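Chemist: My questions concern the predicted model and sequence given below.
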Amino acid sequence: MSSSLPDLNTLAVKGVDFDYLDIGSGRPVIFVHGALGDLRTFAPHAELLSRRYRALTYTQRYFGSRDWPEAGPPFGIETHAEDLIGFVEALGIGPVFVVAWSYSGHVALRVAQLRPELFRAMFIYETGYQTFMTDPAEIAAFKADLDRMMGPVFEAVNAGDSEEAARLFVNAAAQDDYYFDSRTELQMQIERENAAMLSKLFAQAPPPRITADDLSDIQTTISLACGASTRPAYKLISEAAMRHLPGQHFMIPGVNHYWPDAEPSAFTDFVGDWLDAQ
């Protein structure tokens, strides 16, 4: 991952400034980061994709280092969906492609419900919420694995140790007790600097309940991808969504939830091939 970024831009969306990266030319593609991330998370991917597309990525509200207005809307999917809609409208570049990962996957699904005309197609890697799961056994298995994953993270947050919480979160999501510390200093720095958002994540407003029927009714072209080696919580959500959401979906062999982070070139190549086919 590059230690420096091209010049960043600032965009006012409904009176609030958002930092973003905008490079390349052609059809616009917006990368939307997940938990513990900001615009730097997808900067390497944007740089790679900018050889063929106009690639953008921005820092979502309450992430990054910006001082966000204290009187703003609550942390949660609905707020971030409204911000994404506002971002596209303020730039005047719709319809756009969206690439979303984990937490932002539900953001992408929500904007596809609310404003489908603004979005050409979406690629979602392992969305993070189970509102459309219907099978009781799958729901129970999801909750059991989520408890195993998030229990220690929750304890660290309650103890006020946000950096340890971030390390536990990343290692659990990657299913590797040493993954956090195995990467570049910049990758670790991004997550350390966003560790404070975990307390907001745990206290977030309830996500909009996108049901299985809602997925079936979405008109925007959406492709879901999941790592074949990902942990059960993520895989169960992805498989449930794939059953109900029309479109082409992918099970990626040999990778887990942190594929975009571990192999940015491979992930971007896959996304680029998908974009070329749209």
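Modeler: Structure's in. What do you need?
Chemist: what about the helices in the stretch 1-150 of the chain?
Modeler: Using DSSP state H, counting those that start in this stretch, the helices of the stretch 1-150 of the chain run over 43-49, 77-91, 103-114, 136-158.
Chemist: Quick one: closest of the ones you listed to L245.
Modeler: Among the helices of the stretch 1-150 of the chain, the nearest to L245 by C-beta to C-beta is helix 103-114 (8.3 Å). Where you see a C-beta, it was placed from the backbone N, CA and C, and this is true even at glycine.
Chemist: Report whether the expected contact of R52 with S25 is present.
Modeler: No - in this structure, R52 is not within contact of S25 by C-beta atoms under 8 Å, at 9.2 Å.
Chemist: more crowded one of the two?
Modeler: Taking other C-beta atoms under 10 Å, R52 and S25 do not tie; R52 has more neighbours (15 against 11).
Chemist: OK, contacts around the more buried one?
Modeler: When contacts are counted by C-beta atoms under 8 Å, 6 or more residues apart in numbering, R52 touches 24, 26, 272, 275-276.
Chemist: For T134, grab the count of nearby residues.
Modeler: Applying other C-beta under 10 Å, we find 13 residues neighbouring T134.
Chemist: What of Q175?
Modeler: Q175: 15 neighbours (other C-beta under 10 Å).
Chemist: swap in Y20?
Modeler: For Y20, the neighbour count with other C-beta under 10 Å is 17.
Chemist: Apart from its chain neighbours, what residue comes closest to it?
Modeler: Closest residue in space to Y20, ignoring its immediate chain neighbours: Y58 at 3.6 Å, by C-beta to C-beta, 6 or more residues apart in numbering.
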